[in-house]
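Q: sequence? don't have it. structure:
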């Protein structure tokens, strides 16, 4: 069975300060892990993905995430938040053993204060 | 590339009416996915196609929902009859579909916001 838990429903940071969005997963098989961002009234856009290569994954707009198998985590970070980062972020786990499955986390809404 | 195109962007209908949502995937993509997003249940995969063939429709909530992909550039999601609990945002996504689904990036359309009164 697979599951994804985003540990915070809301995160608020000040512009220029670091961002940390937390994601824990559970998967019986070797998963791929993704972070997507959704701006208001828009579709989802890929930020980055982990597919069993390098555990530290760099994405767009300065975001990165580290796959930690021992902690079953895939937290998303950014050194310095920008106002345009305000959006909802989804952690996603997929597997294709026994049939393709894709599970979305509940989402974390990021607020960025000026 | 225009990206994934969905129409309509908004739909308001009355309970019992038929609703048809449309999707045009990115040219050259072989896989297409339909998702539903609600406050209560988040994002759920309803059905996906590979090379126009439905692979897994286990996420389709009930027989009122049906999806087709008559060719590589068009798919529909139909709800008949519609009910208020079907109100949600419906997303279509596509991916290359040539490797394993697991590792592929899905490209999402802007969604169709459906309200059933």
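A: Received, thanks. These numbers were taken from a predicted model, which means no experiment stands behind them.

Q: Tell me the gap between the worst-scoring helix or strand of chain A on mean pLDDT and the middle of its chain.
A: Lowest on mean pLDDT, DSSP states H and E among the helices and strands of chain A sits strand A:101-104, with a mean of 87. Centroid separation for strand A:101-104 versus its chain: 13 Å, with CA atoms, centre = their mean, to the nearest Å.

Q: before we move on, what about stretch A:41-60?
A: Per CA atoms, centre = their mean, the displacement of stretch A:41-60 from the mean C-alpha position of its chain is 8 Å.

Q: That one near chain B at all?
A: Yes: with CB under 8 Å from any CB of the partner chain as the criterion, chain B is reached by stretch A:41-60 at A:41, A:42, A:43, A:44, A:45, A:46, A:49, A:51. Yep, even glycine has a C-beta here, placed from its N, CA and C like the rest.

Q: ok so residue B:102 is a helix residue?
A: Yes: secondary structure assignment (DSSP: H, G, I helix; E, B strand; the rest coil) places residue B:102 inside a helix.

Q: For residue B:48, which residues are in contact?
A: Contacts were defined as CB atoms under 8 Å, 6 or more residues apart in numbering or on different chains; by that measure residue B:48 touches A:100, B:31, B:32, B:33, B:34, B:54, B:55, B:56, B:101.

Q: Apply 6 Å and report the result again.
A: Residue B:48 makes contact with B:33, B:55 under the criterion CB atoms under 6 Å, 6 or more residues apart in numbering or on different chains.

Q: Ok, the one 3 residues further on next?
A: Taking CB under 6 Å, 6+ apart as the definition of contact, the neighbours of residue B:51 are residue B:30.

Q: how far away is it from chain A?
A: Here the criterion is CB to the nearest CB, to the nearest Å. By it, residue B:51 lies 14 Å from chain A.

Q: what's the pLDDT at that residue?
A: On pLDDT, residue B:51 comes in at 92.
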